[in-house]
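Enquirer: With the input below, show me the fold.
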Amino acid sequence: MLHRAFTLIELLVVIAIIGLLSTIAVVALNSTRSKTRDTKRIADIRQIMTAMQIYYDANGQFPDTTACPSGATAYYCLGHGNSGTCFGGSNLSGCTALDSALSTYIAKIPDDPENAVGYYGDSYIYRYSGSDSGVNAPFLYWGMDQQTNTSICLGGAFGQWGAGGRNRWWCITAL
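Expert: Prediction:
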């Protein structure tokens, strides 16, 4: 009686094919996760912008940061309170007064979906006054995983930096 079995070459070919297919699947999954995070970021920024606009309509100005720890022109991590920090090595702080001012207009200030403190883009940033990209106004700043453009940045400016050992994109938009 003759027994037919797989040869070592046939087994190695099958293992190589399975390895290649699983590598392709992991890369596709990571890309999908990245796009999902960016979609959430855009939705979060739109929600924050809406809250800021309602605040403006009710108070005649955007939330002022003079009661915040570092003064009126500093950058603040939204939703992090006075003790929270964000944005990697710069250690920007939050502001409880700013978060409280917005609490009437937004139930919970959203945080970046990756929120891994220690790398750039872990929070949404607000700056009450100053000039950026030739515009003097309050600004929102946020990071993105995927390449950005003016449309994705809600009409604002964008750029790229290599933070945390990987290429990241950023957006800035005036309120």
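
Enquirer: which residues does residue 150 contact?
Expert: 156-158 (CB atoms under 8 Å, 6 or more residues apart in numbering). C-beta here means a position set from N, CA and C on the backbone, and glycine is covered the same way.

Enquirer: Quick one, grab the pLDDT at it.
Expert: pLDDT, residue 150: 84.

Enquirer: any idea how far residue 24 is from it?
Expert: Separation of residue 150 from residue 24 (CB to CB, to the nearest Å): 32 Å.

Enquirer: Please name the strands paired to the lengthiest strand in the chain in the sheet, noting orientation.
Expert: The residue-count maximum for a strand in the chain (DSSP state E) belongs to strand 166-174. Here strand 166-174 is paired, per DSSP bridges, with strand 139-144 (antiparallel), strand 157-163 (antiparallel).

Enquirer: List of residues touching it?
Expert: 45, 49, 120-121, 132-133, 135, 137-148, 152-162.

Enquirer: Mind listing the residues bridging to the residue nearest the centre of the chain?
Expert: The chain has residue 143 as the residue nearest its centroid, 4.0 Å off, counting by CA atoms, centre = their mean. The partner list for residue 143 in beta bridges (DSSP bridges) reads residue 170.

Enquirer: so it touches residue 112, yeah?
Expert: Yes - taking CB atoms under 8 Å as the definition, residue 143 is a contact partner of residue 112 at 6.8 Å.

Enquirer: Tell me the first helix or strand C-terminal of the helix ranked longest in the chain.
Expert: Selection of the longest helix in the chain by residue count, based on DSSP state H, yields helix 8-59. Per DSSP states H and E, helix 8-59 leads on to strand 75-77 as the next helix or strand towards the C-terminus.

Enquirer: quick one: the helix or strand that that next one is followed by to chain centroid distance?
Expert: Sequence-wise, the next helix or strand downstream of strand 75-77 (DSSP H and E) is strand 85-86. Strand 85-86 sits 13 Å away from the centroid of its parent chain (CA atoms, centre = their mean, to the nearest Å).
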